[in-house]
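Enquirer: here are the coordinates; sequence isn't available:
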């Protein structure tokens with residue numbers, strides 16, 4: 001078994017298998033739900049060793065994780081920010097899912113899979129940034145939130161015909177870490193700028 005934080009061969013294999021499923025679901029425009037993300041996190045952690053088994057496939061605040069609070073630290077061990085309190089995660093996820101599904105229902109009607117204008121690309125990238133930023137702000141899992149947030153972004157991008165422009169591993173650079181720190185504070189604009197840059201760089205390859 002492999003430590004769940006290692007950039008291991010097992011983790012890379014898990015992400016590869018999961019991404020194939022995510023791509024299929026995106027193309028089919030499967031309904032986006034927090035339960036779908038729960039499945040993603042469990043698949044990411046397949047055959048990895050967490051400190052506690054209940055860290056896999058459960059949101060903070062659920063049985064076994066009632067008092068699981070999250071702190072984000074810098075390289076010197078200084079606390080930068082925290083996720084929402086464990087007792088508020090369920091409420092925050094419900095609000096996240098409700099808003100996401102309302103937006104997606106409208107976009108599904110407006111955006112044909114084979115038609116991408118500059119305005120549509122911009123709108124989809126902003127949606128990816130909002131989803132990613134909200135997931136990071138809530139930090140619903142004990143571990144794997146960044147990977148799951150990046151899967152969310154690629155899932156939505158591919159849903160509307162964009163390429164999966166957000167790298168899963170290793171963690172993206174180019175201002176991504178700072179944008180995540182700002183997302184923890186409820187600011188998504190830095191992530192929008194980072195994602196626009198990532199998209200431009202991806203399509204130039």
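Expert: Thanks, I have the structure now. It should be emphasised that the depicted structure is a prediction, and the values quoted were computed from it without experimental measurement. Numbering: from 1, shown residues only.

Enquirer: Go ahead and flag the most central residue of the protein.
Expert: residue 149 (0.8 Å; C-alpha atoms, centre = their mean).

Enquirer: Checking my notes, it in a helix, right?
Expert: Yes - Residue 149 sits within a helix when classified using DSSP: H, G, I helix; E, B strand; the rest coil.

Enquirer: roughly how far apart are the residue lying closest to it once chain neighbours are set aside and residue 181?
Expert: Leaving aside its sequence neighbours, residue 149 sits nearest to residue 135 (C-beta to C-beta, 6 or more residues apart in numbering; 4.1 Å). Glycine gets a C-beta too; all of them are placed from N, C-alpha and C. Distance of residue 135 to residue 181, computed by C-beta to C-beta, to the nearest Å: 14 Å.

Enquirer: And the two? Which one has more around it.
Expert: For residue 135 versus residue 181, neighbours defined as other C-beta atoms under 10 Å are more numerous around residue 135 (24 against 16).

Enquirer: Give me the helices and strands touching the helix or strand containing that one, please.
Expert: Using DSSP states H and E, residue 135 falls within helix 118-138. Counting contacts by 3 or more C-beta pairs under 8 Å, 6 or more residues apart in numbering; DSSP states H and E, helix 118-138 packs against helix 89-110, helix 145-159, helix 176-184, helix 189-204.

Enquirer: Next, count neighbours for the spatially closest residue to residue 162 that is not a sequence neighbour.
Expert: Nearest non-adjacent residue to residue 162, counting by C-beta to C-beta, 6+ apart: residue 124, 5.6 Å away. Neighbourhood size, residue 124 [other C-beta under 10 Å]: 22.

Enquirer: got it, and residue 54?
Expert: 14.

Enquirer: Next, it: phi, psi?
Expert: Here is the backbone geometry of residue 54 (degrees, to the nearest 10): phi -70, psi -10.

Enquirer: Spit out the contact partners of it.
Expert: By C-beta atoms under 8 Å, 6 or more residues apart in numbering, the contact set of residue 54 is 63-65.

Enquirer: In JSON lines, list those residues along with secondary structure and distance to residue 131.
Expert: Converted to JSON lines, the contacts of residue 54 look like this (DSSP: H, G, I helix; E, B strand; the rest coil; distance: C-beta to C-beta, whole Å):
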{"residue": "63", "secondary structure": "coil", "distance to residue 131": "27"}
{"residue": "64", "secondary structure": "coil", "distance to residue 131": "27"}
{"residue": "65", "secondary structure": "coil", "distance to residue 131": "23"}
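
Enquirer: Residue 21: which of those is nearest?
Expert: residue 65 (25.2 Å; C-beta to C-beta).
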